[in-house]
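In: here is my input; please provide its structure:
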Amino acid sequence: MIAVAATDGLSLRPAVVDVDSGAMRILAERNLTLPGTRTFFHWIDDAAIACDVTVGNRPTLWLDIEKRGATASIANWRKAWGGREATASPLKTDQPDPVLEEAEYCVVEVETGRYETFPREEPRPEHLEAFVGRPEPDYPPRVVGPGKPVPPQSILVATHPEGSETIYLTRSDDATRVLRLAGYAPSVIFETDTHMDEVEPSRSFLMPYTTGAGQETELRCILPPDYRDGERRPAVLWVYPGFKAGSDMAHRQHLLNQPGMFNLHLLAARGFVVIIPSMPYDKAALGDERVLADCLTDTALPACDAVVEAGYGDRDRIHVAGHSLGGWATLVLLTKSMAFRSGIAMAATSNLLSQTDDVRLRFDAIVDSSRAPGLADNFHVTEPPWKRLDPYLRNSPLFSVETVSAPVLMIHGDQDYVEIGQSEQMFAALRSLGKPAEFVRYWGEGHVLESPTNIRDAWKRIIDWLETA
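Out: Numbering: from 1, shown residues only. Predicted structure coming up:
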């Protein structure tokens, strides 16, 4: 059996998969916590596994939090419309920061599903020590490479104690599979993610380029599947400050079947060259003279130049796009350069001065204190605006909106922790200036779209935008 974490989007349960039949069985109606890069489970023996579960069986935080604001708002609006219950939510400045998720250890019997929980504090049972001290696996996961009877991009998941068989996870263009290798020929235990098998794979490769600051780095280029040598195709520059193209993309943009909605092979399949640059910058150089927004053209423009000079891209038909911090970078680049035919900014920040309460927590009577750390981590702004206003203004594309050089499509979910007002302000400013822009709001969606229908709709709008801009 293989211990797995099974989710329906609302709960996250401990389960096992029978290797011979491929059948999955939920062990206990307890919510697991997300362990980061560590493994979910440790087999204590053939009869029991150890794991972390939420205290009080609360929903797993990152499944719960995306839906919390929407469900709470519906409930409170009904109270208000009914007129019989107050919907006041008072906050005080001396409120402590909330503890949003607490965990405890759990041991589950595989055959019966009976479980026992233990507090995190010592002392604890000796048989839990191996689970508590389990090592961090490689991250990104190390692939097996050539020379094995499984695909080179496979990840070794588990080895039988006697070495008689091994389990691999492999993400191929047409599916994600769990493979069992007993002897030489692998067999498929489980298969999913077959929804991309009708999209033709594209050629993807790394190529070197030199930043405006003189640093040697790399970009990833994805060519359309029907690309012919010597053709100059329209291109999309996909940006994210600080990103490094290379080994950390082992299971991302260079594969057709990659996790998440931002599958850039969909752009290549429609005839666009995709440019994904490393975007290094010197954090130590940020200060009074230079802010993060000033660093973006140092990488974005030379990356475009490298792809154009290699003969792949058409300089007059390069679009820029990004999500989250990449959406912010897209708006900044449109204010600082005339190199782009259009921009697509998803879940983008436009005004650092108006970052407000996380909408997912707005209907809870708690104080959200995450804004200052977020500003420091993402934008390297460490002082409040009443002490130092300049970096807020210079890092906010809203205050340079009059220099936006190309049409822009903005996409935002109303439950996003990057509040939808960030895009609403930018759209209102562009509209007041008579600059071409389109703003698409997705109701009930968080930072990354989750509804399959909304994902399809967004991709249709993105492709239509690029093909007509």
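In: surely K79 meets S89?
Out: No - using Cβ atoms under 8 Å, K79 is not in contact with S89; the gap is 11.3 Å. Every C-beta, even on glycine, is put in place using the N, C-alpha and C of the backbone.
In: where do the strands sit along the stretch 301-450 of the chain?
Out: 313-323, 343-346, 408-413, 437-442 (DSSP state E, counting those that start in this stretch).
In: I'd like the mean pLDDT over the third one, please.
Out: For strand 408-413, mean pLDDT is 98.
In: how far away is the residue of the chain positioned farthest from its centre from L353?
Out: When distances are taken from the C-alpha mean of the chain, R84 lies farthest, 41.4 Å away, according to Cα atoms, centre = their mean. Applying Cβ to Cβ, to the nearest Å, the value for R84 to L353 is 39 Å.
In: what do you get for Y209?
Out: Here Y209 is placed at a distance of 35 Å from L353 (Cβ to Cβ).
In: next one: R233
Out: Counting by Cβ to Cβ - R233 and L353 are separated by 40 Å.
In: check I74 too.
Out: 30 Å.
In: where does G242 land in three-state SS?
Out: On the three-state scheme (DSSP: H, G, I helix; E, B strand; the rest coil), G242 is labelled coil.
In: which non-adjacent residue is nearest it?
Out: M279 (6.1 Å; Cβ to Cβ, 6 or more residues apart in numbering).
In: so is that neighbour in a helix, a strand, or just coil?
Out: coil.
In: okay, the nearest residue to T403 once chain neighbours are set aside: pLDDT?
Out: With sequence-adjacent residues excluded and distances taken as Cβ to Cβ, 6+ apart, T403 is closest to T335, at 4.7 Å. pLDDT for T335: 98.
In: next, count neighbours for T335.
Out: The local packing of T335 (other Cβ atoms under 10 Å) involves 18 other residues.
In: distance check, it against V143.
Out: Counting by Cβ to Cβ, the gap from T335 to V143 is 40 Å.
In: same thing with H319?
Out: On the measure of Cβ to Cβ, H319 and V143 end up 32 Å apart.
In: same deal with S154?
Out: Counting by Cβ to Cβ - S154 and V143 are separated by 6 Å.
In: contacting residues for P280?
Out: Residues near P280 by Cβ atoms under 8 Å, 6 or more residues apart in numbering: T211, Q215, T217, G242, K244, T299.
In: right, and T297 touches T211 too?
Out: No - counting by Cβ under 8 Å, T211 is not a contact partner of T297; they are 9.9 Å apart.
In: neighbour count for those two, which is higher?
Out: Neighbour count, other Cβ under 10 Å: between T297 and T211, T211 has more, with 21 against 16.
In: pretty sure the more buried one contacts D298?
Out: Yes - with contact defined as Cβ under 8 Å, T211 reaches D298; the gap is 5.1 Å.
In: phi, psi of the residue lying closest to P141 once chain neighbours are set aside?
Out: Leaving aside its sequence neighbours, P141 sits nearest to I155 (Cβ to Cβ, 6+ apart; 4.5 Å). Backbone dihedrals for I155, given as degrees, to the nearest 10, come out at phi -110, psi 130.
In: same question for A293.
Out: phi -60, psi -30.
In: follow-up on the earlier one: could you measure from the residue nearest to G242 over to A285?
Out: From M279 to A285 the distance is 15 Å (Cβ to Cβ).
In: among these two, which residue is more densely surrounded?
Out: Neighbours per residue (other Cβ under 10 Å) separate M279 from A285, with M279 holding more: 24 against 11.
In: contact partners for the more buried one?
Out: V239, Y240, P241, G242, F243, L296, T299, A300, A329.
In: which residue comes closest to the last one once chain neighbours are left out?
Out: The spatially closest residue to A329, leaving aside those adjacent along the chain, is V239, at 4.6 Å (Cβ to Cβ, 6+ apart).
In: how deep is that neighbour tucked in, by neighbour count?
Out: Around V239 there are 27 residues (other Cβ under 10 Å).
In: what of D45?
Out: Neighbours of D45 (other Cβ under 10 Å): 8.
In: show me what it bridges to in the sheet.
Out: Beta bridges link D45 to A48 when assigned by DSSP bridges.
In: do you know how far it is from G374?
Out: 44 Å.
In: for E66, same thing?
Out: 17 Å.
In: tell me which of those two has more neighbours.
Out: It is E66, of E66 and G374, that has more neighbours when counted by other Cβ under 10 Å, with 21 against 15.
In: isn't that one up against V359?
Out: No - in this structure E66 lies outside contact range of V359 using Cβ under 8 Å: 10.7 Å.
In: between these two, which contacts overlap?
Out: Q415.
In: for E29, give me its contacts.
Out: S11, R13, N57.
In: and for E200?
Out: E200 touches P225, A269, counting by Cβ under 8 Å, 6+ apart.
In: can we see that at 10 Å?
Out: D173, P224, P225, D226, L256, H265, A268, A269 (Cβ atoms under 10 Å, 6 or more residues apart in numbering).
In: show me where this structure has its helices.
Out: 61-82, 129-132, 265-269, 297-309, 325-336, 371-379, 390-394, 421-432, 452-468 (DSSP state H).
In: who are the packing partners of the last one?
Out: To tie it back to what came earlier, the one meant is helix 452-468. Counting by 3 or more Cβ pairs under 10 Å, 6 or more residues apart in numbering; DSSP states H and E, the packing neighbours recorded for helix 452-468 are strand 233-238, helix 265-269, strand 313-323, strand 343-346, strand 408-413, strand 437-442.
In: kindly report the same for the shortest one.
Out: Applying 3+ Cβ pairs under 10 Å, 6+ apart, one finds that helix 129-132 makes contact with strand 42-45, strand 48-54, strand 103-109.
In: which non-adjacent residue is nearest A5?
Out: Nearest to A5 is F40, by Cβ to Cβ, 6+ apart, at 4.9 Å.
In: circling back to that earlier point, out of the contacts of E200, grab the one that's most surrounded.
Out: Highest count within the contacts of E200 by other Cβ under 10 Å belongs to A268, 28 neighbours.
In: that one touches W238, doesn't it?
Out: No - counting by Cβ atoms under 10 Å, A268 stays clear of W238, with 11.1 Å between them.
In: what comes up buried for stretch 283-300?
Out: L286, V291, L292, A293, D294, C295, L296, T297, D298, T299, A300 (16 or more other Cβ atoms under 10 Å).
In: distance-wise, check I344 relative to G322.
Out: 8 Å.
In: quick check: neighbours shared by those two?
Out: Common neighbours of I344 and G322 (Cβ under 10 Å, 6+ apart) are V236, W238, T330.
In: dump those residues to TSV, plus distance to V110, pLDDT and neighbour count.
Out: Formatted as TSV, the shared contacts of I344 and G322 follow (distance: Cβ to Cβ, whole Å; pLDDT from 0 to 100; neighbours: other Cβ atoms under 10 Å):
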residue	distance to V110	pLDDT	neighbour count
V236	48	98	28
W238	44	97	25
T330	49	98	31
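In: wait, doesn't V408 sit right on V332?
Out: No - assessed by Cβ under 10 Å, V408 is found out of contact with V332, at 11.6 Å.
In: quick one: which of these two has more around it?
Out: Of the pair V408 and V332, V332 is the one with more neighbours under other Cβ under 10 Å, namely 31 against 27.
In: thanks a lot, catch you later.
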